[in-house]
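Asks: Return a 3D structure for these sequence lines:
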Amino acid sequence: MSAGSYDQRVHTGLCLQGWRVELGLSRKDVCTAMQIPYRSLQNWELAHTHCPPYIFKFLEFYYKTLKKRGESNGLG
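Replies: Model prediction:
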C-alpha cells in the first residue's frame with residue numbers, strides 16, 4: 001500500500017476523526033487551535049485528500065496529550 005493510497009487515507013481519516021470526536025472537539029475547534037484550514041481537516045477525515053505524515057504525527061501527539069491531561073471541549 002502506497003503512502004497516498006485510498007486505504008491509507010481512509011485509515012488516517014478515521015483516526016483523525018475518532019480522536020477529535022473522542023475528545024468532544026469540533027473540526028472548527030481543532031482548526032482554530034492548530035491553524036489548519038477547515039477544508040484540509042475535512043478532506044483528510046473524509047479521505048478525499050492525503051494528510052501529510054508529519055501533520056498526522058503531530059495531530060496524533062496533540063490528541064494524545066489532550067486526552068492524557070483530560071482536556072477537551074475548548075482545548076483546555
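
Asks: where does residue 59 land on pLDDT?
Replies: You'll see residue 59 listed with a pLDDT of 91.

Asks: In which helix or strand does it reside?
Replies: Taking DSSP states H and E as the definition, one finds residue 59 inside helix 53-69.

Asks: and that helix, what other elements does it pack with?
Replies: Counting by 3 or more CB pairs under 8 Å, 6 or more residues apart in numbering; DSSP states H and E, the packing neighbours recorded for helix 53-69 are helix 6-22, helix 27-34. For the C-beta atoms, the positions are set from N, CA and C on the backbone; glycine is no exception.

Asks: Extract the C-alpha trace of it and format it as CSV.
Replies: Extracted in CSV, the C-alpha atoms of helix 53-69 (Å, rounded to 0.1, in the frame of the first residue of the first chain):
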residue,chain,number,x,y,z
PRO,A,53,2.6,12.1,7.6
TYR,A,54,4.3,14.9,9.6
ILE,A,55,0.9,16.5,10.2
PHE,A,56,-0.7,13.2,11.1
LYS,A,57,2.0,12.5,13.7
PHE,A,58,1.7,16.0,15.1
LEU,A,59,-2.1,15.7,15.4
GLU,A,60,-1.7,12.3,17.0
PHE,A,61,0.6,13.7,19.6
TYR,A,62,-1.7,16.7,20.2
TYR,A,63,-4.8,14.5,20.7
LYS,A,64,-3.0,12.0,22.9
THR,A,65,-1.6,14.9,25.0
LEU,A,66,-5.1,16.4,25.5
LYS,A,67,-6.5,13.0,26.4
LYS,A,68,-3.7,12.4,28.9
ARG,A,69,-4.3,15.8,30.5
